[in-house]
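A.B. asks: here is my input; please provide its structure:
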Amino acid sequence: MPRSPVLVASGLLVGAAALAGCAEKAPDIPAVSSTTAEPVAQYPITIYRSGGVAGFQDELRISSDGSVAATSRKPILECRLDADGLRLLNRAASRIRPSDLPTDAPATTSDALTVTVVAGAGVVSIDDERMAEAKPVIDQLLADVNSPEGQRKICT
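C.D. replies: Sure, this is the predicted structure:
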């Protein structure tokens, strides 16, 4: 017996609402659907952070499998980026082109903090609009690699 399109649509909406409550992993980083083909960034993706009042000098190298090797003032740290964070970072980094260079004006203060993302031969600032959706991931990654293991949220 054929079902009414309204009845089928109602059932789908109820099911989607029920699943939406289960998909939330962290309030800071939205879950990303893996059902569509995602563009692929050029790996490794490297994030550099330098300067600031604290004198940061961090380098994070992220592989396509989510493994992260970070160097800073501490010994080399290795961790694994969670799947949602990796998808967001991959999506944003896939928009970086080999000809890209940061367009921000050079820092004019002694305590300026600079964060750049490198994918392939392209380099962009974290403030580039193409990095907007990945900024929470990058910020949390930078926090995680400078935190004790038990306090890390997305890179464990």
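
A.B. asks: mind listing what's buried in stretch 89-100?
C.D. replies: 89, 90, 91, 92, 93, 94, 95, 96, 100 (16 or more other CB atoms under 10 Å). C-beta coordinates here come from the backbone N, C-alpha and C atoms, glycine included.

A.B. asks: out of these, which is nearest to residue 39?
C.D. replies: Distances from the buried residues of stretch 89-100 to residue 39 were compared by CB to CB; the smallest belongs to residue 94, at 3.8 Å.

A.B. asks: circling back: how about the buried residues of stretch 89-100 in a markdown table, adding pLDDT and secondary structure?
C.D. replies: Listed next are those as a markdown table, based on pLDDT from 0 to 100; DSSP: H, G, I helix; E, B strand; the rest coil:
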| residue | pLDDT | secondary structure |
| --- | --- | --- |
| 89 | 96 | helix |
| 90 | 96 | helix |
| 91 | 96 | helix |
| 92 | 96 | helix |
| 93 | 96 | helix |
| 94 | 96 | coil |
| 95 | 95 | coil |
| 96 | 94 | coil |
| 100 | 87 | coil |
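
A.B. asks: and residue 144, what is it in contact with?
C.D. replies: By CB atoms under 8 Å, 6 or more residues apart in numbering, the contact list for residue 144 reads 79, 152, 153, 154, 155.

A.B. asks: need these in JSON lines with pLDDT and neighbour count, can you?
C.D. replies: Below are the contacts of residue 144 laid out as JSON lines (pLDDT from 0 to 100; neighbours: other CB atoms under 10 Å):
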{"residue": "79", "pLDDT": "93", "neighbour count": "19"}
{"residue": "152", "pLDDT": "92", "neighbour count": "17"}
{"residue": "153", "pLDDT": "94", "neighbour count": "16"}
{"residue": "154", "pLDDT": "94", "neighbour count": "24"}
{"residue": "155", "pLDDT": "91", "neighbour count": "26"}
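
A.B. asks: which pair of the residues you listed spans the longest distance?
C.D. replies: Of all pairs drawn from these, the greatest distance, 10.8 Å, lies between 79 and 153 (CB to CB).
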